[in-house]
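Q: Below are the sequence and a predicted model for it; my questions follow.
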Amino acid sequence: MMRIIRDILREKGTEVYSISPDATVFEALSLMAEKNIGGLVVFENDRIIGLISERDYARKVILKGKHSQDIPVREIMTKEVVTVDPTLNLEKCMQLITNKRIRHLPVIENDRLAGIISIGDIVKGIITDKKFIIDQLEHYIKGSQ
């Protein structure tokens with residue numbers, strides 16, 4: 001049973017939080033804290049132009065001695081957004097996240113944002129898949145004695 005991204009979205013939901021590139025980093029952090037999430041999709045003219053994450057903040061604001069109230073999201077967001085199709089399996093998704101060193105993947109279906117998954121969602125899904133396989137093997141072994 002190899003699950004795909006669509007299965008994860010079915011379980012966790014498809015709600016995606018976003019922000020304007022002209023909002024301040026402080027506003028982005030406030031929204032992330034309020035929603036208990038680690039990243040936001042950055043939209044401009046109804047299209048994704050970036051992602052902003054806690055990692056962007058830590059590396060591009062705190063470590064450089066800047067202030068989040070003074071900086072627009074546009075200045076620190078990750079501009080090269082890697083997106084995935086909802087039919088991609090979790091193993092391939094994990095390879096992509098590992099190779100690209102990213103933590104969030106917007107899911108695009110029919111040219112529209114269908115959801116977003118994080119590295120945590122993928123790890124949880126892979127663990128669930130492995131547990132299912134182990135349970136099936138144990139059942140098979142016990143049943144054949």
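A: Thanks, I have it. Numbering: from 1, shown residues only.
Q: just checking, what packs against the helix or strand residue 55 falls within?
A: Per DSSP states H and E, residue 55 falls inside helix 54-60. Packing partners of helix 54-60 (3 or more C-beta pairs under 8 Å, 6 or more residues apart in numbering; DSSP states H and E): helix 25-35, helix 73-76. Using the backbone N, CA and C atoms, a C-beta is placed for each residue, glycine as well.
Q: Dump these to JSON lines, plus distance to residue 51, mean pLDDT and mean neighbour count.
A: Listed next are the helices and strands packed on helix 54-60 as JSON lines, based on distance: least, C-beta to C-beta, whole Å; pLDDT from 0 to 100; neighbours: other C-beta atoms under 10 Å:
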{"stretch": "helix 25-35", "distance to residue 51": "10", "mean pLDDT": "96", "mean neighbour count": "17"}
{"stretch": "helix 73-76", "distance to residue 51": "10", "mean pLDDT": "96", "mean neighbour count": "20"}
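Q: between those, which gets nearest to residue 142?
A: Across the helices and strands packed on helix 54-60, residue 142 has its closest neighbour in helix 25-35 (44.3 Å, C-beta to C-beta).
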